[in-house]
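1. Return atomic coordinates for the entry below.
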Amino acid sequence: MEFRHLWKSRWTIILIVMLIFNGILFGSSGIINQYDKKEYIDDYSMYIEATLNSADTMSGISIFAKQNSYSSKNIERTKNVFAKCRNIELEETNDTALEQVMSWKLRYILVLILLIVVAEELLVERKNGLWEVTYAETIHRKRAEVKRIFALLATSYLVQLLFTGTQLVIALVKYGGIQDMSSVVQTSLLFKHFPYIINKWEFLVIYLILAGAGTFIVALFILMAFSIFKERLLSYILVISMSVIELLCKYLIPEHSVMNIFKYVNAATVFMPEEYYTYYANWGMGSFIINRNILILIVAVLAILVFTTVLLWNRDRQRPCSGGGRLERWAVRCMRDFHQWIANRSIRGKEIYKIYILRAGIVFIIAAGIMSVYNSKIDNKSYTVGERMYEDYCRKYIGDVNADAQKEREDIRDRLNVMDEQFNAIREQRDNANTSDTSGNSDGTNAISDEDYAMYITLMEGSQSLREELQYIDANMEYLDNLSAERGIDGKIIVQRGYDELFGEDMEKTERYGLLFMFIVLVLVMHRDYSEDIENQMYSLYRSIADGCKRVYRLRTSVEIGYITLMYLIFYGIKIGIVVYSYGLSGLSYPVQSIMMLSDVKLHISIGIYLVLFLLIRYMVILSAYEIVKCASILLKNNWKSFFVSGVIMIIVSAIGVLKYYPVIIIPGIIAIILSRMSWKKIS
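-> Have a look, this model is predicted:
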């Protein structure tokens, strides 16, 4: 009955919208994992041999070879497990579809939203006034809760099956490779550290079982949080607090820390099984050792038992009109006082409270901040020594290429030429000595010792950084010369890396997900701003006051635009702030074509003006999306109709490519402003 009720509720509409949303975004995304397939296949056997040889070497070191210690057991287990992979014969297969599905993390955000809606729908008696009737029943109370738990279990597996299945079908149609799904999983780079010999279909079955279990655990926790507290805000606080703690443990605890058990035994890890199942590892203390996957599964089973027990116990103890626990009574009293304080505020204050508190706007702001910080991390990116030397060169001679810059460039070239000549002479001398030794005509005076030769080889390898620096300098100089000759633009030499972070591929990916997040927030928070007033007859009250409708429209719009602006500043401000702190943005007054990746820009403007236009267009896109959602709320006069239509429009806009074709949303946004103003005044 609970499962049937769920499918007849609004949750079904949200599920369909999320599936379409996820499918369109997934289908329009580029290849996430790009690597040389042939090189990986050729190197795999060497990787296995290196792993086994490393285990043998470490077994001979006294600090690792202590009998019955964790280190010795870990070495032995790892060796035995990976020894089975020695005989795997890998072929070049098309694994792009599976790799894309396993690398697509957005579905977890959508699934989490669905789980929150599921919890609210399963506790629908709080909304329809049947709380007392439901909790007054003593005979079937626990039986009803068990039915809800099983409905949650079925829903968890169904959601994972739908999302993963639709993505796999889209990926197989787009990239092909269905005939290669029967090959072993090790043909893909994602499974390089996976020691179990199974094919990709078998892996998918195991993955769905683990993913469904992880989803069920998260769903149980959310339902438990909503069941414990009558006050929804307290439930949201508990869910968000635990989510933040789990994410911090997962991403901030170092791999080799003594506290790394909290990195693995973690709801976020269990929720995403590809994070742990595809990588072999053990965990232990002292002489105790256990496989990490088994440890996570044991804790997952214990979590299910604990959450189920708490749910049943809580259902048994709750009674109609009960005030809850001491904490909840205190919280309810504080909330009552707070609501009374809000009631005495101005209209603007009430609108702020409605968006930031009642509609969890502050929660989305915190989430946006965390997501922006995480997506803006640039310290983990790998830059070679040569690239860093080139950046130092640019900082030293920023601007015009003067005589000193040219002199240093030629000095680097001369140093490399001298080193090449010396290396060639030594190599020739060594080859002649080897030839003489073979014929027996040499007295050995020209021979070069292995130590001297190895030392010079090391020096030559070190010169690679210098060679790489010169290559970058030459490429930059050639680019500036061509820019001046072909387009008459006097480009300047600048530090490129900071601008690469802002305008490069990484920023495009971050931006795509960031704008998607903001579109979702717009629909969730603001789809009912005006339709709600129409449904509950508040619009008639506004009309009874002189200029009441106009004042409400003006105040509400200003508050909502302020909220959108704050979200925008958080997302782009954090990114720009981190880039400026890490690299600086030099040469803002120089021509924008000085940035090599922006060579195709046709406008003759400075970098600073281009950055302003870059940010202004994105702000207009977000404001246009808001105006479309607001217009749907006014015209449709119904919460769920406005939610559905707004969601579909945002899906279409995202699929088209909102930043590439920004007029597609800016022009409808302007039209939506006009329609909103006219329609709000004429509602009868």
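2. My guess is Glu535 contacts Asn638. True?
-> Yes. Contact status for Glu535 versus Asn638: in contact at 6.8 Å, counting by Cβ atoms under 8 Å. For every residue, glycine as well, the C-beta is placed using N, CA and C.
3. So for these two, which sits in the more crowded spot?
-> Asn638 (17 against 13; other Cβ atoms under 10 Å).
4. what separates that one from Ser676, distance-wise?
-> To Ser676, Asn638 is 16 Å away according to Cβ to Cβ, to the nearest Å.
5. Glu627 now?
-> 7 Å.
6. who has more neighbours, the two?
-> Shown here are Glu627 and Ser676; by other Cβ under 10 Å, Glu627 has more neighbours (24 against 21).
7. Could you name the helices and strands sitting against the strand or helix carrying that one?
-> Per DSSP states H and E: Glu627 is located in helix 607-636. For helix 607-636, the packing partners by 3 or more Cβ pairs under 8 Å, 6 or more residues apart in numbering; DSSP states H and E come out as helix 497-503, helix 505-526, helix 531-535, helix 548-582, helix 639-656, helix 663-682.
8. ranking these by mean pLDDT, which is last?
-> Note on the helices and strands packed on helix 607-636: helix 531-535 shows the lowest mean pLDDT, a mean of 75.
9. tell me which element the nearest residue to Glu275 once chain neighbours are set aside falls in.
-> The shortest distance from Glu275 to any non-neighbouring residue, by Cβ to Cβ, 6 or more residues apart in numbering, is to Thr269 (5.4 Å). Using DSSP H and E, Thr269 sits in helix 267-271.
10. How far off centre is that helix?
-> For helix 267-271, the separation from the chain centroid amounts to 14 Å (computed by Cα atoms, centre = their mean, to the nearest Å).
11. Identify the residues contacting that helix?
-> Outside helix 267-271, the residues that touch it by Cβ atoms under 8 Å, 6 or more residues apart in numbering are 108, 213-215, 217-218, 221, 242-243, 246-247, 250, 263, 275-276, 296, 299-300, 303.
12. Ok, stretch 576-592 next?
-> Identification of contacts with stretch 576-592 by Cβ under 8 Å, 6+ apart yields 376-379, 391, 395, 398-399, 489-492, 494-495, 497-499, 501-502, 594, 598, 601, 603-611.
13. try 6 Å this time
-> With contacts defined as Cβ atoms under 6 Å, 6 or more residues apart in numbering, stretch 576-592 is touched by 376, 378, 398, 489, 491-492, 494-495, 497-498, 501-502, 598, 601, 605-608, 610.
14. and what of stretch 147-162?
-> Counting by Cβ under 6 Å, 6+ apart, 2-3, 111, 114, 118, 122, 208, 211-212, 215-216, 219 sit against stretch 147-162.
15. Give the buried residues for it.
-> Using 16 or more other Cβ atoms under 10 Å as the test for burial, stretch 147-162 gives 148-149, 151-153, 155-157, 159-160, 162.
16. residue ranges of the strands in this structure, please?
-> Applying DSSP state E to the chain gives strands spanning 282-285, 288-291.
17. need the least confident one among these, by mean pLDDT.
-> Taking the mean pLDDT of these, strand 282-285 comes last: a mean of 74.
18. Off-centre distance for that strand?
-> Taking Cα atoms, centre = their mean, one finds strand 282-285 lying 29 Å from the centre of the chain it belongs to.
19. export that strand as PDB, just CAs?
-> Included here for strand 282-285 are C-alpha records, laid out as PDB according to Å, rounded to 0.1, in the frame of the first residue of the first chain:
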ATOM      1  CA  ASN A 282      42.800  -3.800   3.100                       C
ATOM      2  CA  TRP A 283      42.400  -2.200   6.500                       C
ATOM      3  CA  GLY A 284      43.600  -3.300   9.900                       C
ATOM      4  CA  MET A 285      45.200  -2.400  13.200                       C
END
